[in-house]
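Output the structure for:
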Amino acid sequence: MPESSVPPVEGKPTKAVRLVFSFDGDHLHLVSQQSVEMTLPPSDPIEGAEDYTGFWCEIRDVQDRPVFRRVMQNPIRQDVEVFSDDPKRSVARQATPGRKGVFMILVPDAEEGHAVALFSSPQPKSLPGGGTQVPDLARQPATEIARFVLRKE
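From the prediction side, this is the model:
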């Protein structure tokens with residue numbers, strides 16, 4: 001598998017970019033970009049993710065090739081854990097329509113980085129009258145859900 005073009009981290013602070021995103025339902029916005037100096041973990045493998053499930057971000061160059069990839073827990077969950085007072089019931093997940101929030105992702109300030117792309121497996125949606133759409137959606141391959149051009153300072 002090809003390696004990232006982002007140099008490996010050797011324990012000393014390097015240039016990074018703090019990306020702050022907001023979401024309102026399915027609408028995603030890049031709120032801010034801030035340069036920071038810090039040590040980041042190395043990239044996850046950047047090739048062969050076509051059939052992967054889950055959530056990740058990629059830094060892409062001007063030819064749309066990935067140069068960095070970070071796999072993470074989905075920060076845009078459309079459900080929450082619900083606990084019951086009944087000791088015989090387990091924890092369950094319940095859809096929460098219209099969720100809003102903010103999250104942050106740290107990526108290297110790669111010279112060849114042109115855009116950040118976010119990928120996600122489909123999220124279950126609430127159905128009228130309660131319940132959720134097919135819960136196995138999260139097992140489907142992730143697709144690109146948003147892309148933003150990075151600002152160069």
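
Grab the most central residue of the protein for me.
Nearest residue to the geometric centre of the chain (CA atoms, centre = their mean): W56, 4.0 Å.

Would you agree Q73 is in contact with W56?
No. Q73 lies out of contact with W56 (CB atoms under 8 Å); the separation is 10.2 Å. To be clear about C-beta, it is placed using only N, CA and C from the backbone, and glycine gets the same treatment.

Quick check: pLDDT value at the nearest residue to G113 once chain neighbours are set aside.
The shortest distance from G113 to any non-neighbouring residue, by CB to CB, 6 or more residues apart in numbering, is to I59 (4.3 Å). Looking at I59, its pLDDT reads 96.

Mind checking what helix or strand follows the helix or strand I59 falls within in sequence?
Assessed by DSSP states H and E, I59 sits inside strand 55-60. Downstream of strand 55-60, the first helix or strand assigned by DSSP H and E is strand 66-72.

What strands flank that next one, and is each parallel or antiparallel?
Taking DSSP bridges as the criterion, strand 66-72 sits next to strand 55-60 (antiparallel) in its sheet.

remind me which residues of this protein are low pLDDT?
Residues of the chain that meet the criterion pLDDT under 70 lie in 1-13, 124-138, 153.

all helices of it, in order?
Counting by DSSP state H, the chain forms no helices at all.

all strands of it, in order?
Per DSSP state E, the chain carries strands over the ranges 14-24, 27-38, 55-60, 66-72, 79-82, 92-95, 100-108, 115-120, 143-149.

Buried ones in the fourth one, by neighbour count?
In terms of neighbour count (16 or more other CB atoms under 10 Å), strand 66-72 has its buried residues at 66-70.

Not counting it itself, show me its contacts.
Residues outside strand 66-72 that contact it (CB atoms under 8 Å, 6 or more residues apart in numbering): 4-6, 43-47, 49, 54-61, 105, 107-108, 110, 112-113.

Taking the residues you listed, please make a PyMOL selection of just the buried ones.
A single PyMOL command is used to select the members of those judged buried by 16+ other CB under 10 Å:
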select buried, resi 4+5+6+43+44+46+49+54+55+56+57+58+59+60+61+105+107+108+110+113
